[in-house]
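Got a predicted model here, sequence first, then my questions.
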Amino acid sequence: MPADRVPEVEHRKFGTFGGVFTPNVLTILGVIMFLRFGQITGEAGIRDTLLILFAAKLITTLTAFSLAAVATNIRVRAGGAYYLISRSLGVEFGGGIALVFYLAQAISVAMYVLGFAEAFVATFPAFGFSPRAVASIANAAVFAVVIVGAGWAIRVQYAILLVLGLAVVSFVIGAAEAFSPAQFTLNWTSAYPPHHNIVTMFALFFPAATGIMAGANMSGDLRDPGKSLPSGTFAAIGVTAIVYVLLVVALGGGVDRTRLLADSFIMHEVAVWPSLIVAGVFAATLSSALGSLLGAPRILQAFARDGVFKELRFFAMGSGTADEPRRAIVLTALVSQTAIALGDLNAIAPIITMFFIVTYGTLNLACFYEGWSHNPSFRPRFHYGHWTLALAAAVGCGIAMLLMEPIWAVVALLAVGSLHATIRAIGVRARWGDIRSGVAFERARKALLRLEQQPIHPKNWRPIVLALRGASGRHHMAEYGYWLTAGRGVLSIGQVITGETDDRLQRRYEAERMLREDISEEGLEAFPAVVIDEDLLEGVKSLLQCHGIGGIRPNTLVLGWSDDVEDLERFTDVLRIATRLRRNIVVVKREAQREPWALPPGDVDIWWHGRRNGSLMLILAHLLAQNAEFRRRRMRLIQVIPEESARESAHEHLTEIATRARIDVEPVTLVYDSLHEAVLNASRSAALVLLGFNPPEAGGHVEFFQSIEVLTDGLPDVLLVHAAQELDIDS
């Protein structure tokens, strides 16, 4: 946009009074005030009506605290509640709210013009117009005002605000003339008819307290949203509260209960200038329609610009120097006209109210999470809020929903939840930061602190796996690391880059980036861990000692078998240092011909040779069985015995081990003189073999290598398992 046109755009933007206070007041002081307030006061009495008013205003005031905090913490742009919620709770929550809030406001236009039509037909029956025809004409008129631009709409709202004010003054003067302390005393207490109580009256009144988002919907048209939204919203809540209190006192002290209950248009009868009450009803309905037709298109435009649904991008376009959402305005007017054509909207009125309250509740949750998570970026200029107030407001919104319409409350929540799930399934990535990472951080922080205070018992062992990936890749380390954690533990994929630190920094960043990409492409739940060291052994020691935090440190090292004769000594050094650091070891000796993530058919054989390594092998086999690739495979617990006479007792022993461990394995006893011969004959056609081992002493690397090669020759994938920690499989 050319620089010389910026002042014109700024000149067209609105301040606190026109952009926030006026839309809020006009939306709050609506039809319920004129047509239902007498019934509420008559049934509930002055005392209970004031309690109802206090409860409703408390919820909206606390919500205004949340609105003020969130609005003064970010640079507010167009989109109102959607923008504030999406930039805090994320695109899924914001998107779910955006669509239902837009539809609620679009259909509300129809409800308000239908309300105007009913009042018009009742006031001027001689004209012979049908309510639907009058509503269509009113819808077209409101559309004409809004399509010209927000500036014209705001000017019209000033006139409507004046009419509303005069109507209230007219009634108060008339009621003051008839005011009687005795009447006030008689109307102080309640007189509920059967099946009515303070809860039903609260449900009837509460929609009259909503409307505080009307100004927020204009956020993109405000000169200073961070300043105007808090001050304009609080001013609107305060002024309308005073008006409602005056009306309660005037109705209770100036009109007897019988007339309050019998005449829904009692304000017209009491007012000193009755025609102003008629004008006030017309003004209330038309102003609410105008506010909704102003706000709804701006929500849709902001949502479309975020590109969540490609089908909505057409409505992202703005018109003129003020960036008016005219395409969205046309759509909103068509939605409203369609609703008018369908006729009676009483059936859907409750869910529209629910959508408004869901929006309020979600905004409160956004403020609560921002404050509760102690997010350093949450630094609102509004200093009078607290996350406890936001939580109280969210709970209040939930209670209000349940009190008014429990079924529609569930419907509204399901609608928002479905949209949330749809957006999440699409996999939209927001271009902005939100509170989710902060909430996750706070939960993780507290969980780590609790874990640090708890003694680690062998019964509660979980796999925290560090799978070493060499420079050549070795993707099967991640494969087995993923299978062994089985969604029950934590997997880190580590890599050691050897060489001078200064020369390898860029390579480290590149290696970590590639690790993250591999993890994402494979769909793994894993963390990358890359270190630089001049020596591989020192690098592994660094990873084992320093990777992780608190109780989430690697307890199991997974690495590949080394068939490089020149590298044997360093390989066995890694095994010994891991053992000294009390890390379990799983060495993967993989069949070269196998495709990744595709095991050949066959059993999983666990070769039992005592509890030290055997307990760990059983637990690892149980974890493997939790994966789809292993779930239907038979698992055999095999023991070699030297004599046939010991077969029965050995079989009973294996059966007892499996039973006490509660692991589904088939005990097998074999009589062989040679372990190598037994393993080769029994497990040649298996899919995976688990064998226990002990790391060699210093200088014994050659003999160790040769013995393992002989033992595993001709076998499929082999996991060589060494337990450095005590595990409890019996409890």
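Yep, that arrived. Residues are numbered from 1 along each chain as shown.

got a list of what residue 719 touches?
Shown in contact with residue 719 (CB atoms under 8 Å, 6 or more residues apart in numbering): 480, 586-589, 617, 620, 688-691. C-betas here are computed from N, CA, C, even on glycine.

Isn't residue 518 up against residue 477?
No. Here residue 518 does not reach residue 477: they are 11.0 Å apart, not a contact under CB atoms under 8 Å.

Of the two, give the one with the bigger neighbour count.
A direct count of neighbours by other CB atoms under 10 Å for residue 518 and residue 477 places residue 477 higher, at 24 against 17.

Need the nearest residue in space to that one, chain neighbours excluded.
residue 467 (4.2 Å; CB to CB, 6 or more residues apart in numbering).

Run through who's touching the helix or strand hosting that neighbour.
With secondary structure defined by DSSP states H and E, residue 467 is part of strand 464-468. Contacts made with strand 464-468 from outside it, assessed by CB under 8 Å, 6+ apart, are listed as 474, 477-478, 480-481, 484-485, 489-496, 529, 540, 543-544, 547-548, 552-560, 583.

Weed out the non-buried ones from those residues.
Buried positions within the contacts of strand 464-468, assessed by neighbour count (16 or more other CB atoms under 10 Å), are 474, 477-478, 480-481, 484-485, 489-496, 529, 540, 543-544, 547-548, 552-560, 583.

could I get the contacts of residue 719 as TSV with distance to residue 146?
Compiled in TSV, those are given as follows (distance: CB to CB, whole Å):
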residue	distance to residue 146
480	63
586	68
587	72
588	67
589	73
617	72
620	67
688	69
689	74
690	72
691	77
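
pLDDT and secondary structure for the residues you listed - can I get that in TSV?
Shown next, in TSV, are these (pLDDT from 0 to 100; DSSP: H, G, I helix; E, B strand; the rest coil):
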residue	pLDDT	secondary structure
480	89	helix
586	93	strand
587	92	strand
588	91	strand
589	88	strand
617	91	helix
620	91	helix
688	92	strand
689	92	strand
690	93	strand
691	93	strand
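
ok, back up a step: what about the buried ones among the contacts of strand 464-468, which are in strands?
490-496, 529, 556-560 (DSSP state E).

still on that earlier bit, how many other residues sit next to the residue nearest to residue 477?
As a measure of burial, residue 467 has 29 neighbours, counting by other CB under 10 Å.

bridging residues for it?
With DSSP bridges as the criterion, residue 467 is bridged to residue 493, residue 558.

Pipe the ones in strands among the buried ones among the contacts of strand 464-468 into TSV and attach pLDDT and distance to residue 723 per row.
As requested, those are exported to TSV (pLDDT from 0 to 100; distance: CB to CB, whole Å):
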residue	pLDDT	distance to residue 723
490	88	19
491	90	19
492	88	20
493	88	22
494	87	20
495	85	25
496	85	24
529	87	23
556	91	9
557	92	12
558	92	14
559	89	16
560	86	19
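
so which helix or strand takes in residue 719?
In the assignment (DSSP H and E), residue 719 maps to strand 717-722.

Output that strand in PDB, but only the C-alpha positions, please.
Taking C-alpha atoms only, strand 717-722 is exported to PDB below (Å, rounded to 0.1, in the frame of the first residue of the first chain):
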ATOM      1  CA  ASP A 717      17.900 -60.300  13.400                       C
ATOM      2  CA  VAL A 718      19.500 -60.700  16.800                       C
ATOM      3  CA  LEU A 719      19.200 -58.500  19.900                       C
ATOM      4  CA  LEU A 720      22.200 -59.000  22.200                       C
ATOM      5  CA  VAL A 721      20.900 -57.900  25.600                       C
ATOM      6  CA  HIS A 722      22.900 -57.000  28.700                       C
END
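
For that strand, give the mean pLDDT please.
The average pLDDT for strand 717-722 rounds to 92.

what do you get for stretch 53-72?
Regarding stretch 53-72, the rounded mean pLDDT is 87.

next one: stretch 421-437
59.

Same question for stretch 401-414.
Averaged over stretch 401-414, pLDDT sits at 81.

Give me the contact list for it.
When contacts are defined by CB under 8 Å, 6+ apart, stretch 401-414 is touched by residues 100, 199, 202-203, 206, 350-351, 353-355, 357-358, 361.

Select, from the residues you listed, the two members most distant in space.
Taking CB to CB as the measure, these span a maximum distance of 25.2 Å, between 100 and 199.

More neighbours: the two, which one.
Here residue 100 and residue 199 are compared on neighbour count by other CB under 10 Å; more neighbours surround residue 100, at 22 against 12.

how much space is there between the closest residue to the more buried one other than its chain neighbours and residue 101?
Using CB to CB, 6+ apart and skipping residues adjacent in sequence, the residue nearest residue 100 is residue 355, 4.7 Å away. According to CB to CB, to the nearest Å, residue 355 stands 6 Å off from residue 101.
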